[in-house]
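In: turn this into a structure:
(one chain, ligands or ions: 2)
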Amino acid sequence: MTTKIGDTKQDLLQAATLLREGSLVAFPTETVYGLGGNALDREASRKIYAVKGRPSDNPLIVHLAKWEDVYSIAYPTKQAKALYDAFCPGPLTMILKKLPIVPDETTGGRDTVAVRFPSHPVARALIEAAGVPIAAPSANVSKHVSPTTAWHVYNDLEGKIPLILDGGASDVGIESTIVDLTGDEPTVLRPGDITAEEIKAVLGSADYYHGEIKEALAPGMKYKHYSPRVPCYLAKRESLESAYESLKAQGTTPVLIATAETIDLHPALNAISLGRDARDAQHRIYGALREAEKFGAAIIEDLSDRKEYFAAMDRIKKATGGNVL
Ligand code: TXA
Ligand code: MG
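Out: Ligands and ions are numbered 1, 2, ... in the order given. A predicted model of the protein is given here:
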């Protein structure tokens, strides 16, 4: 199969037709690119798992265009409506009790469904044109870095899907915040651009899930994720240079991934910039991790002393998988 990248109205209409016919299409969202299929078609969901090489116990997020659409797939709660009014369309996913119409293949056999209303205009236009809810995980091969451009998707899925809609670089750059609204308290299962504090300001309570991610939570969080195909190490600001030199001494060509401010202090080192603030870092991290694959190893600045980098650090810790230098 040849994979086309397109950005015209015609391409959008073709994508909608492909989705209605049960095929898969990659499309841009404000967080990362998604690999979409008709969420109500169990065969389409099966194809998503096959194309990504993803374990089928890891459920998919269902993308909708507007609030009213939620009634066709889930039992919305007052809290869900309040969060919708505050943050949607935008980078937030809510876990709700599902209606029977959503097949087990889409929800990994659960009685809940993850619902999201993306703000990217191409994503919204595609959902409207397809006329069906769209199940979409990030459009990367399972365990690789999530894609934030059409070319990232092409590099992972070329030959496996017919069409990639190109909507430019994803603005947010990391996946949506996931909040579970089915328990006693709203619980944030995956950090993202919308923080638990912001959710708490709307609902009165909300916290990050602190325990180990087990079966009943977001199953995706238990897998090693977001890993570039080179060794990645986390290092404190003061150890970056020595970490770099020790890798070099072992014959590797390392690259430093750090804030612009930190890179300025190490002008002689190969470096990829995460920019000037936490928003920049979220926007750039996945591109930086893919860029690092051109080198022998990546050393990433530990930013966990700065609260605003919490969501970016969540992804960095997953990429480094506990490797510290
Ligand atoms: O920003 C995003 O959310 C992107 C874009 C494409 O919308 N999508 C995305 O999907 O990140 P994915 O499949 O890479 O991550 C979905 C996460 C997984 O950790 C999965 O386990 C969790 O959502 N999830 C999905 N349905 C769930 C459910 N019913 N209960 C608990 N967790 C669920
Ligand atoms: Mg993913």
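In: low-confidence stretches in the protein?
Out: Applying pLDDT under 70 to the chain picks out residues 211-225.
In: contact residues of it facing ligand 1?
Out: Proximity of the chain to ligand 1, by C-beta under 6 Å from any ligand atom, involves residues 29, 31-32, 34, 58-61, 93, 95, 107, 110, 112-114, 116, 118, 136-138, 175-176, 178, 218-221. Heads up, the C-betas are built off the backbone N, CA and C, glycines and all.
In: take those and keep only those in strands.
Out: Counting by DSSP state E, these place 34, 61, 93, 95, 112-114, 116, 178 in strands.
In: now the two most distant members of those.
Out: Longest distance between any two of these is 19.5 Å, between 34 and 112; criterion C-beta to C-beta.
In: domain parsing for this protein?
Out: Annotated domains of the chain cover 4-208, 232-320 [automatic domain parsing].
In: would you reformat those as TSV and include mean neighbour count?
Out: Shown next, in TSV, are the domains of the chain (neighbours: other C-beta atoms under 10 Å):
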stretch	mean neighbour count
domain 4-208	20
domain 232-320	19
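In: I'd like these as TSV, with distance to residue 226 appended.
Out: Supplementary listing: those in TSV, determined by distance: least, C-beta to C-beta, whole Å:
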stretch	distance to residue 226
domain 4-208	5
domain 232-320	5
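In: need the nearest residue in space to residue 128, chain neighbours excluded.
Out: Of all residues beyond its chain neighbours, the one nearest residue 128 is residue 65 (5.1 Å), with distances taken as C-beta to C-beta, 6 or more residues apart in numbering.
In: ok so the one you found is a helix residue?
Out: No - counting by DSSP: H, G, I helix; E, B strand; the rest coil, residue 65 falls outside a helix, being coil.
In: and the gap between it and ligand 1?
Out: Distance, residue 65 to ligand 1, by C-beta to the nearest ligand atom, to the nearest Å: 13 Å.
In: I'd say that residue and residue 127 touch.
Out: Yes - Residue 65 is within contact range of residue 127, at 4.2 Å (criterion: C-beta atoms under 8 Å).
In: please report how far the one residue sitting closest to the centre of the chain lies from residue 311.
Out: Closest residue to the average C-alpha location of the chain: residue 175 at 2.8 Å, with C-alpha atoms, centre = their mean. As judged by C-beta to C-beta, to the nearest Å, residue 175 and residue 311 stand 9 Å apart.
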